[in-house]
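In: any chance you could fold what I've pasted below:
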Amino acid sequence: MDQLPSVTVAPFARVVTDLVAALPADGRLRFRADGGSMRPTIRSGEMITVGGVDPRTIAIGDILLVRVADRVLAHRVIVRAGRADDLWILLQGDAMSAADAPVSAADIIGRVLAVERRGRTIALYGRAARMRHTLRAALSRARARVMLVSPHVSAGQGA
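Out: All right, here's what the predicted structure looks like:
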């Protein structure tokens, strides 16, 4: 019996990094999101569009695709520190209660630009997208406070 040649498959994180790096400056990569850490902004199974990013343009509220060990994460920027040559970013998934470990500019694969949901493309990059997220997060926090103060209101047992 002939022996099959051995093939080394690169970890997914490296494959995605290489694909984005090979794109032209205005190029984009689309793939299906997996996981619920960015819910409700990005839901598991939805298509996301990622483009290249200049680290100098990263703003708090942007969603970045980053390499963490052999995994790829799309999480929101909550802290940006340093300059482009010594940049450190703290990310957190919208559905997560704690931030991720800090990442450097070298770990950034790209910026999440959009998500496709039920046939619509929803922009996730830019001032309007950051404002939508801020408003949604504030409403969520207010709803949580109301639930703590008067849980019977949410159960339909109002006064």
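In: pLDDT weak spots in the protein?
Out: Along the chain, segments meeting pLDDT under 70 span 1-26, 84, 150-159.
In: in it, which spans are strands?
Out: Under the criterion DSSP state E, the chain contains strands at 28-32, 47-51, 63-68, 71-81, 88-92, 103-104, 108-117, 120-123.
In: which residues touch Arg100?
Out: No, residue 100 isn't Arg; it's Asp. Asp100 makes contacts with Val68, Leu73, His75, Leu90, Leu91, Gln92, Gly93, as judged by Cβ atoms under 8 Å, 6 or more residues apart in numbering. (C-beta placed from N, C-alpha, C; glycine too.)
In: and the residues you listed, which are buried?
Out: Buried subset of the contacts of Asp100 (neighbour count, 16 or more other Cβ atoms under 10 Å): Leu73, His75, Leu90, Leu91, Gln92, Gly93.
In: isn't the last one right next to Ser37, touching?
Out: Yes: under the criterion of Cβ atoms under 8 Å, Gly93 is in contact with Ser37, at a separation of 3.2 Å.
In: so what sits against both of the two?
Out: The contact sets of Gly93 and Ser37 overlap at Leu73, His75 (Cβ under 8 Å, 6+ apart).
In: output the helix ranked longest in the chain in PDB, but only the C-alpha positions, please.
Out: The helix that spans the most residues within the chain, counting by DSSP state H, is helix 127-149. Output in PDB follows, covering the C-alpha atoms of helix 127-149 (Å, rounded to 0.1, in the frame of the first residue of the first chain):
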ATOM      1  CA  ARG A 127     -19.000  56.800  13.800                       C
ATOM      2  CA  ALA A 128     -22.600  55.900  13.300                       C
ATOM      3  CA  ALA A 129     -21.900  52.200  14.200                       C
ATOM      4  CA  ARG A 130     -20.000  53.200  17.300                       C
ATOM      5  CA  MET A 131     -22.900  55.500  18.400                       C
ATOM      6  CA  ARG A 132     -25.500  52.700  17.800                       C
ATOM      7  CA  HIS A 133     -23.400  50.400  20.000                       C
ATOM      8  CA  THR A 134     -23.000  53.000  22.800                       C
ATOM      9  CA  LEU A 135     -26.800  53.600  22.800                       C
ATOM     10  CA  ARG A 136     -27.600  49.900  22.800                       C
ATOM     11  CA  ALA A 137     -25.200  49.300  25.700                       C
ATOM     12  CA  ALA A 138     -26.600  52.200  27.700                       C
ATOM     13  CA  LEU A 139     -30.200  50.900  27.200                       C
ATOM     14  CA  SER A 140     -29.000  47.400  28.200                       C
ATOM     15  CA  ARG A 141     -27.400  48.800  31.400                       C
ATOM     16  CA  ALA A 142     -30.600  50.800  32.200                       C
ATOM     17  CA  ARG A 143     -32.800  47.800  31.700                       C
ATOM     18  CA  ALA A 144     -30.600  45.700  34.000                       C
ATOM     19  CA  ARG A 145     -30.800  48.400  36.700                       C
ATOM     20  CA  VAL A 146     -34.600  48.500  36.400                       C
ATOM     21  CA  MET A 147     -34.700  44.700  36.800                       C
ATOM     22  CA  LEU A 148     -32.600  44.900  40.000                       C
ATOM     23  CA  VAL A 149     -34.800  47.600  41.500                       C
END
